[in-house]
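**Student:** prediction below, plus the sequence it came from.
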Amino acid sequence: MADAGDLQVHALWADAGSKDKIASESCERANEGLVFTLGASCKIMRGTESHQTSLFPPMWNTMQAEEVGKAISTLRLEGPESVSCSGRMLTFDFGALIFTLAPLTHTSIQFYPKEVWQQSVIPVNKKLRKYHVGLAFEFEKFVMAFLSYDLLFQPGWYCSMEDLPQRLPDVYDDFPGFLETIAAHLKLSFNKPNTGKGRFITAMHSNQSIWSKLGVGVYTANEIMIAAGLPQDLTELEVLRVPSWMARVIAAFYTFAANTKHDDALWSLLRPSLHGGIMMAPTQAQRARYARWLLAYGKSELKCTARHAALIDEYNVCTSRCNIDPV
């Protein structure tokens with residue numbers, strides 16, 4: 001978008017979940033399944049069952065209605081430097097407050113030109129849209145919306161950057177810090193009696209895994225193991241006990257992160273689906289092309305080196321003799 005206009009926030013919007021208690025001023029639109037603006041009376045919480053956080057800035061909950069509009073207008077992005085990210089969290093510095101969002105499951109960011117938001121989102125029932133507006137920030141010329149299938153995401157509001165919980169180092173932006181984190185995790189893992197009993201690839205994307213906290217998900221775990229040239233049925237302990245295997249996992253993760261930031265093929269995939277320079281609306285054919293960018297996830301066949309293919313064939317021959325399922 002050539003001219004983003006003023007980046008002062010005009011309003012906060014959201015869809016209600018089935019169990020949310022909605023304030024009276026927003027109740028009518030919420031009951032009709034429509035997106036509504038948030039105010040100080042908003043008590044909506046989001047996140048995991050064990051860790052719920054407020055969708056609306058909790059430090060503003062005691063304000064009167066007329067004060068809320070003024071408070072929201074103090075939120076302003078100053079440009080790209082106001083936005084940062086880590087493996088599992090986006091951070092927006094709005095000046096007056098800091099907002100963070102962890103897209104736990106099925107949550108993505110979308111930018112709507114103002115006219116599209118007004119014509120195709122505000123008046124349309126969420127059942128017809130087939131997605132929820134988790135939280136949206138309305139600016140002068142566009143709306144930045146976090147869309148969610150199941151409303152499972154983690155919002156956070158803070159008064160300053162110093163108040164944010166400590167973030168784990170990014171594998172690409174802070175590789176030395178990432179290595180220190182993994183090393184500390186390995187020391188602890190060897191002292192835990194339950195370490196190593198499950199598959200390493202499953203442990204990588206489980207919610208409490210250090211790998212998951214560093215940004216590895218279901219897609220990424222598959223891609224990393226294939227790129228590292230390692231079987232996906234290795235146990236956690238098998239990988240932890242072989243330094244060269246762990247080094248290959250780390251190198252594959254770093255490469256994956258680097259490619260997402262610098263690979264022209266990824267931008268070639270995304271750019272045709274952008275409309276008006278900001279709104280992503282891919283066709284079914286464009287969605288299908290995403291599978292070509294992935295090495296392994298969701299594929300019955302995959303491309304690999306000749307050496308890797310020979311190792312897979314040899315593995316399958318050996319496992320067939322032992323009545324073990326082939327790769």
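**Tutor:** Arrived safely. Numbers count the residues shown, from 1 in each chain.

**Student:** list the contacts of the residue lying closest to Leu294 once chain neighbours are set aside.
**Tutor:** Excluding its sequence neighbours, the residue lying closest to Leu294 (Cβ to Cβ, 6 or more residues apart in numbering) is Glu223, at 6.3 Å. C-beta coordinates here come from the backbone N, C-alpha and C atoms, glycine included. Taking Cβ atoms under 8 Å, 6 or more residues apart in numbering, we find Glu223 in contact with 252, 256, 294-297.

**Student:** narrow those to just the buried residues.
**Tutor:** Buried members of the contacts of Glu223, counted by 16 or more other Cβ atoms under 10 Å: 252, 256, 295-297.

**Student:** of those, which pair is most distant in space?
**Tutor:** Maximum pairwise distance among these (Cβ to Cβ): 13.9 Å, between Ala252 and Tyr297.

**Student:** what packs against the helix or strand where Ala251 lies?
**Tutor:** Following DSSP states H and E, the helix or strand that holds Ala251 is helix 243-262. Applying 3 or more Cβ pairs under 8 Å, 6 or more residues apart in numbering; DSSP states H and E, one finds that helix 243-262 contacts helix 175-189, helix 218-227, helix 236-240.

**Student:** could you give me the buried positions within the very next helix or strand once past it?
**Tutor:** Going down the chain from helix 243-262, the next helix or strand is helix 264-270, by DSSP H and E. For helix 264-270, the neighbour count (16+ other Cβ under 10 Å) marks Leu269 as buried.

**Student:** contact partners of helix 264-270?
**Tutor:** Contact with helix 264-270 is made by 259-260, 280, 286, 289-290, 292-293, as judged by Cβ under 8 Å, 6+ apart.

**Student:** any idea how far the residue minimising distance to the centre of the chain lies from Arg241?
**Tutor:** The structure's the chain has its C-alpha centroid closest to Pro103; by Cα atoms, centre = their mean the separation is 4.0 Å. Separation of Pro103 from Arg241 (Cβ to Cβ, to the nearest Å): 34 Å.

**Student:** closest to Glu314 among the contacts of Glu223?
**Tutor:** If you rank the contacts of Glu223 by distance to Glu314 using Cβ to Cβ, Ala296 comes first, at 19.2 Å.
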